[in-house]
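*Asks:* got a sequence here, can you model it:
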Amino acid sequence: MFGTREALCKELERMFTHDEPLELLIWTGEGVHVACRELSPTDEEITAIQEVIGNTAMGTYRNEGVTSASVCDLLVCHREAVNREVTVPVTVLTRLLHDAERELQHQDGLARESGKGTPRRIQQRLEDVAALKALLSS
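*Replies:* Take a look at the predicted model:
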C-alpha cells in the first residue's frame, strides 16, 4: 500500500479486524534515499519508487520481498522509463499537440473565469507544448 499514514490506517482498519496479528514493514522516503544514496535520487524519484513499492502485488512481495538492492533496481528502471525515447510520425505528434494545447487553453480559461488564475500544472504543460512545437519547427 502507498499513501499517507491516515489513509493507510483507514485501509488497514477496513482490511483487518482490530485484534488480528499483523507484521508491518515500512519504507519511508528516507529509507528509499538511504538505499539509493549512491544514485542520488530526487524527491520526485523517491515518491515514484514508494508508489511502486506500495503497489507491488502481494504475491510478488511475498516471493521476492523489498530489499535495498531491489529498491535501487526500481530507481534504475524508473530512470530508464522516464528517459526512454520513442519515434513518432510528425503528423501524429502535431495532431496530439494541437489537441493538448486546445484542452489546456480551455482548462486555463475555466480557471481564470473562476478567478483562480492559471494553475502551475497547466502553465507547465503549455510550456511543454510550446517546447515541442519549437522542436518540430526547427
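
*Asks:* C-alpha only now, for contacts and for neighbours.
*Replies:* Fine.

*Asks:* Cys72 touches Glu38, doesn't it?
*Replies:* No. Between Cys72 and Glu38 there is no contact under CA atoms under 8 Å: 9.3 Å.

*Asks:* have a look at those two and say which one is more surrounded.
*Replies:* Set Cys72 next to Glu38 and count neighbours by other CA atoms under 10 Å: Cys72 wins out with 20 against 9.

*Asks:* pull the number of nearby residues for Ile26.
*Replies:* Per other CA under 10 Å, the neighbour tally for Ile26 reads 10.

*Asks:* and the pLDDT for it?
*Replies:* As predicted, Ile26 sits at a pLDDT of 89.

*Asks:* find the centremost residue of this structure, please.
*Replies:* The centre of the chain sits closest to Ala48, judged by CA atoms, centre = their mean, with a distance of 4.7 Å.

*Asks:* which one is that residue nearest to, not counting chain neighbours?
*Replies:* Leaving out its chain neighbours, the residue that sits closest to Ala48 by CA to CA, 6 or more residues apart in numbering is His78, at 7.9 Å.

*Asks:* okay, now the domains of this structure?
*Replies:* 5-82, 90-137 (automatic domain parsing).

*Asks:* how distant is the first one from the center of its chain?
*Replies:* Between the mean C-alpha location of domain 5-82 and the chain-wide mean there is a distance of 13 Å, by CA atoms, centre = their mean, to the nearest Å.

*Asks:* equivalent analysis for the shortest one, please.
*Replies:* Centroid separation for domain 90-137 versus its chain: 20 Å, with CA atoms, centre = their mean.

*Asks:* report the mean confidence score over it.
*Replies:* 94.

*Asks:* next one: the residue of the chain most remote from its centre from Leu12, what distance?
*Replies:* Largest separation from the mean C-alpha position in the chain: Asp19, at 34.6 Å (CA atoms, centre = their mean). In this view, Asp19 and Leu12 are 12 Å apart by CA to CA, to the nearest Å.

*Asks:* what of Glu85?
*Replies:* Applying CA to CA to Glu85 and Leu12 gives a distance of 40 Å.

*Asks:* need the longest helix for this structure.
*Replies:* helix 90-113 (DSSP state H).

*Asks:* can I get that one in CSV? Just the C-alpha atoms.
*Replies:* Presented in CSV, the C-alpha positions along helix 90-113 are these (Å, rounded to 0.1, in the frame of the first residue of the first chain):
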residue,chain,number,x,y,z
VAL,A,90,5.4,14.3,-37.1
THR,A,91,1.7,14.3,-38.2
VAL,A,92,0.6,12.3,-35.2
LEU,A,93,2.6,14.4,-32.8
THR,A,94,1.4,17.6,-34.4
ARG,A,95,-2.3,16.5,-34.1
LEU,A,96,-1.8,15.5,-30.4
LEU,A,97,0.0,18.7,-29.6
HIS,A,98,-2.9,20.7,-31.2
ASP,A,99,-5.5,18.8,-29.2
ALA,A,100,-3.5,19.0,-25.9
GLU,A,101,-2.9,22.8,-26.4
ARG,A,102,-6.6,23.4,-27.0
GLU,A,103,-7.6,21.4,-23.9
LEU,A,104,-5.0,23.2,-21.8
GLN,A,105,-6.2,26.6,-23.0
HIS,A,106,-9.8,25.5,-22.2
GLN,A,107,-8.8,24.5,-18.6
ASP,A,108,-6.8,27.7,-18.3
GLY,A,109,-9.9,29.7,-19.4
LEU,A,110,-12.1,27.9,-16.8
ALA,A,111,-9.6,28.6,-14.0
ARG,A,112,-9.4,32.3,-15.0
GLU,A,113,-13.2,32.6,-15.1
